[in-house]
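*Asks:* 3D, please:
(chains A and B)
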Amino acid sequence: MANQIQYRYEKDNLVKSEPGKYQDTELKSNELVINLGPQHPSTHGVLRLEILTDNEIIKDVIPHIGYLHRCFEKHTESLAYNQIIPYVDRMDYLSSMNSEHAYAMGVEKMLGITEQIPKRVEYIRVLVAELNRLASHFVGVGSYAMDIGTFTPFFWMMRDREHIQRLLEWASGARLLYNYIWIGGLYYDLPVGFEDRCLEFIKYLKPKIPELEILVTDNKIFIDRTANVGVLPLDLAINYGITGPMLRGSGLKMDLRKVDAYSVYPEIDFDIPIGKGAMGTVGDCWDRTYVRIREMYESIRIIEQCLTKLTTEHKRTKEFDPQAIVPKKIRPKAQDLYFRAENPRGELGFFFRADGKSDIPFRCKARSSCFVNLSIIGELSKGAMIADLIAVLGSIDIVLGEVDR
Amino acid sequence: MTVKDISEHLKKTLGEDRVLNINEESTPHTIEISPNYILEVGKMLHTHDQLFFDMLSCITGVDNGVEAGTMEVIYNFYSVPFEQSLMLKVTLDRNHAEVHSLESIWKTADWLERETYDMFGIKFIGHPDLRRILMPADWEGFPLRKDYKHEETYRGIKIEY
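*Replies:* Numbers count the residues shown, from 1 in each chain, chains lettered A, B, ... in the order given. Predicted coordinates:
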């Protein structure tokens, strides 16, 4: 098998499998189609953009996606509820904990065991999810700054992200794809000493984020590249179903952690940062980056409160079993359920249909935030310069794993 | 507004036959309507000042299998000012799976409907650009239909492993 050619090359393969919308023969004399990606560092993965340009001005952008499609929904047709969790991890591989959390809460709601989850389990879930949110925002802001042309924040963010990954590896055994949050509980309790080390890390991290702000959002070059670029008005954002930091960047105080008040978030004190147009117009690329950086502070606040609770009120005991109410058999009664939760990139929703007769969902659909957020790129970059397209694309902060699922 | 109020309102303003069924077992509660009236009901849900479902979160296709002979499209709406969710369901004939597109009201529907078409082959009438989105354009069949059988190879690449 090894010497066999596994792929039959034909010259028009790409044209047939992913035809462009604009044909060369239909173009006007000053128009040109530029193809960006699928292999291009600033597309953050395998995204192909077909750009119709008039000299330097963008007339239309057609995203071609699906290069990383791994059939999540097809897989769920043959997997039991608890076996789907690793596949959920692989959707948004930068914030697996958050996705797991959303998925587990959805299934728990179907089973009706949401109220029985021990408080310690809930606090640990929120703790690891917020750590992962920090790590995800680090990559988002760091790589965005790199797209814009400054390299240092990326290295700094990767350095700090490494600490988070080590912490999560210590807790779960994996660096990126954790399978730590189970339906009804956790894989393990936190390792002994985790709380102290985590607190140490937070102390180390706190002064680092102002440094990031000096390098990124206060940077003259960064402001010139992002302020007043890719302005997203609020009504358009809602009509396009945009969620997460992108929607908050447009000035709407909407965070599902507050709106739906799931898990222990109502017991925790945190703010929702929104874009105010400090450097330009409300809803521009700068505002979206600003919201992400402010959210890092909020995540740190949440982590601190969780650590306080985990060391005082809900501290480690010998009797505590994180798998105490993990159901042996997950068979929800027949129902439809749509559950959503706030991921670093927006609303991650799961639609379930259970038939009440099997351990396998009849239908499980993931509503991915990146997929919906990316759909606005054509609208956002119309009339902009080609260089601004990179600024707009980076500010959407997509993870292609979640776009294509 | 509860789902009963919404359904009463739809019946009163648009006609008795608009609402087929309400289901309070599901989360959020579901209103089932006839696919013929989806555009009318969508406009009402979007613009009415008491409902104002300004966000379309999710569109899900469901195939009930060959024996049942039906497919469903499920819409999840959310109202930002009223913080309310609603699930809307239409049932389609499996052999003529067609429903009017909501792209003219909610732009989110553009890609979500393309995805549903890609996976189930449900046609959205009036959609401006109904192409496959995740699968390659020359892919045969609709993968999430219950009777789907994939091909042996795709361009010389073995599919089954």
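*Asks:* roughly how far apart are the residue minimising distance to the centre of chain A and residue A:157?
*Replies:* Residue closest to the mean C-alpha point of chain A, counted by CA atoms, centre = their mean, is residue A:345 at 3.8 Å. Distance, residue A:345 to residue A:157, by CB to CB, to the nearest Å: 16 Å. From N, CA and C alone the C-beta is placed, and that goes for glycine too.
*Asks:* just give me how far the worst-scoring helix or strand of chain A on mean pLDDT sits from the chain centre.
*Replies:* Within chain A, no helix or strand scores below helix A:13-17, which has a mean of 77 by mean pLDDT, DSSP states H and E. On the basis of CA atoms, centre = their mean, to the nearest Å, helix A:13-17 sits 30 Å off its chain's mean C-alpha point.
*Asks:* ok, now which ones touch the residue nearest to the centre of chain A?
*Replies:* If you count contacts by CB atoms under 8 Å, 6 or more residues apart in numbering or on different chains, residue A:345 has them with A:92, A:95, A:136, A:140, A:244-245, A:369-370, A:373, A:397-399, A:402.
*Asks:* now the residues you listed as CSV including secondary structure?
*Replies:* Shown next, in CSV, are those (DSSP: H, G, I helix; E, B strand; the rest coil):
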residue, secondary structure
A:92, coil
A:95, coil
A:136, helix
A:140, helix
A:244, coil
A:245, helix
A:369, helix
A:370, helix
A:373, helix
A:397, coil
A:398, coil
A:399, coil
A:402, helix
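*Asks:* can I get the CA coordinates of stretch A:169-186 in PDB?
*Replies:* Presented in PDB, the C-alpha positions along stretch A:169-186 are these (Å, rounded to 0.1, in the frame of the first residue of the first chain):
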ATOM      1  CA  GLU A 169      -2.100  18.700  31.600                       C
ATOM      2  CA  TRP A 170      -1.400  18.100  35.200                       C
ATOM      3  CA  ALA A 171      -5.200  18.000  35.900                       C
ATOM      4  CA  SER A 172      -6.300  15.900  32.900                       C
ATOM      5  CA  GLY A 173      -3.300  14.300  31.300                       C
ATOM      6  CA  ALA A 174      -3.600  16.100  28.000                       C
ATOM      7  CA  ARG A 175      -2.300  19.400  26.700                       C
ATOM      8  CA  LEU A 176      -5.000  20.300  24.300                       C
ATOM      9  CA  LEU A 177      -7.800  17.700  24.000                       C
ATOM     10  CA  TYR A 178      -8.700  17.000  27.600                       C
ATOM     11  CA  ASN A 179     -11.800  14.800  27.900                       C
ATOM     12  CA  TYR A 180     -11.700  16.000  31.500                       C
ATOM     13  CA  ILE A 181     -15.300  17.100  32.000                       C
ATOM     14  CA  TRP A 182     -17.600  14.100  32.000                       C
ATOM     15  CA  ILE A 183     -21.400  14.000  31.900                       C
ATOM     16  CA  GLY A 184     -22.300  14.200  35.600                       C
ATOM     17  CA  GLY A 185     -18.900  14.900  36.900                       C
ATOM     18  CA  LEU A 186     -15.200  15.000  36.200                       C
END
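*Asks:* still on that earlier bit, which neighbouring elements make contact with the least confident helix or strand of chain A?
*Replies:* Helix A:13-17 sits against no helix or strand, with contacts defined as 3 or more CB pairs under 8 Å, 6 or more residues apart in numbering or on different chains; DSSP states H and E.
*Asks:* now that helix: buried residues?
*Replies:* residue A:17 (16 or more other CB atoms under 10 Å in any protein chain shown).
*Asks:* that helix: what's the following helix or strand?
*Replies:* Once helix A:13-17 ends, the next helix or strand along the chain (criterion: DSSP states H and E) is strand A:31-36.
*Asks:* that next one near chain B anywhere?
*Replies:* No - contact of strand A:31-36 with chain B (CB under 8 Å from any CB of the partner chain) is absent, the minimum separation being 15.8 Å.
*Asks:* partners of that strand, with directions?
*Replies:* strand A:48-54 (antiparallel) (DSSP bridges).
*Asks:* CA atoms only: put the strand it pairs with into CSV for me.
*Replies:* Taking Å, rounded to 0.1, in the frame of the first residue of the first chain, the C-alpha atoms of strand A:48-54 are listed here in CSV:
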residue,chain,number,x,y,z
ARG,A,48,-9.8,29.6,1.1
LEU,A,49,-10.9,33.1,0.3
GLU,A,50,-11.8,34.0,-3.2
ILE,A,51,-11.4,37.8,-3.5
LEU,A,52,-12.8,39.9,-6.3
THR,A,53,-10.8,43.0,-6.5
ASP,A,54,-10.9,46.3,-8.3
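*Asks:* which residues touch the helix or strand hosting residue A:340?
*Replies:* Using DSSP H and E, residue A:340 maps to strand A:335-343. Under the criterion CB under 8 Å, 6+ apart, residues A:92, A:95, A:98-99, A:101-102, A:105-106, A:109-110, A:244, A:255-257, A:260, A:262, A:347-354, A:356, A:367, A:369, B:23, B:25-28, B:30, B:57-58, B:74, B:76, B:85, B:87 lie in contact with strand A:335-343.
*Asks:* what average pLDDT does it get?
*Replies:* When pLDDT is averaged over strand A:335-343, the result is 91.
*Asks:* only alpha carbons, please: show the first helix or strand past that strand going along the chain as PDB.
*Replies:* Later in the chain than strand A:335-343, the nearest helix or strand by DSSP H and E is strand A:346-354. In PDB, the C-alpha atoms belonging to strand A:346-354 read as follows (Å, rounded to 0.1, in the frame of the first residue of the first chain):
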ATOM      1  CA  GLY A 346     -19.200  33.000  21.000                       C
ATOM      2  CA  GLU A 347     -22.300  30.900  21.400                       C
ATOM      3  CA  LEU A 348     -21.600  27.200  21.100                       C
ATOM      4  CA  GLY A 349     -25.000  25.400  20.800                       C
ATOM      5  CA  PHE A 350     -25.900  21.800  20.800                       C
ATOM      6  CA  PHE A 351     -29.200  20.500  19.500                       C
ATOM      7  CA  PHE A 352     -30.100  17.000  20.700                       C
ATOM      8  CA  ARG A 353     -32.900  14.800  19.700                       C
ATOM      9  CA  ALA A 354     -33.200  11.800  22.000                       C
END
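*Asks:* average pLDDT across strand A:346-354?
*Replies:* Mean predicted confidence for strand A:346-354 is 91.
*Asks:* cool, stretch A:18-28 as well?
*Replies:* For stretch A:18-28, the mean pLDDT works out to 82.
*Asks:* tell me which residues in it are buried?
*Replies:* Buried-residue list, stretch A:18-28, by 16+ other CB under 10 Å: A:18, A:22.
*Asks:* quick one: contacts of that stretch?
*Replies:* Outside stretch A:18-28, the residues touching it (CB under 8 Å, 6+ apart) are A:33, A:35, A:48, A:50, A:52, A:60, A:62, A:64, A:66, B:129, B:136-137.
*Asks:* who wins on neighbours among the residues you listed?
*Replies:* Neighbour count (other CB atoms under 10 Å in any protein chain shown) singles out residue A:66 as the most crowded of those, with 25 neighbours.
*Asks:* okay, now the unreliable bits of chain A?
*Replies:* Low-confidence segments of chain A, defined by pLDDT under 70: A:1-6.
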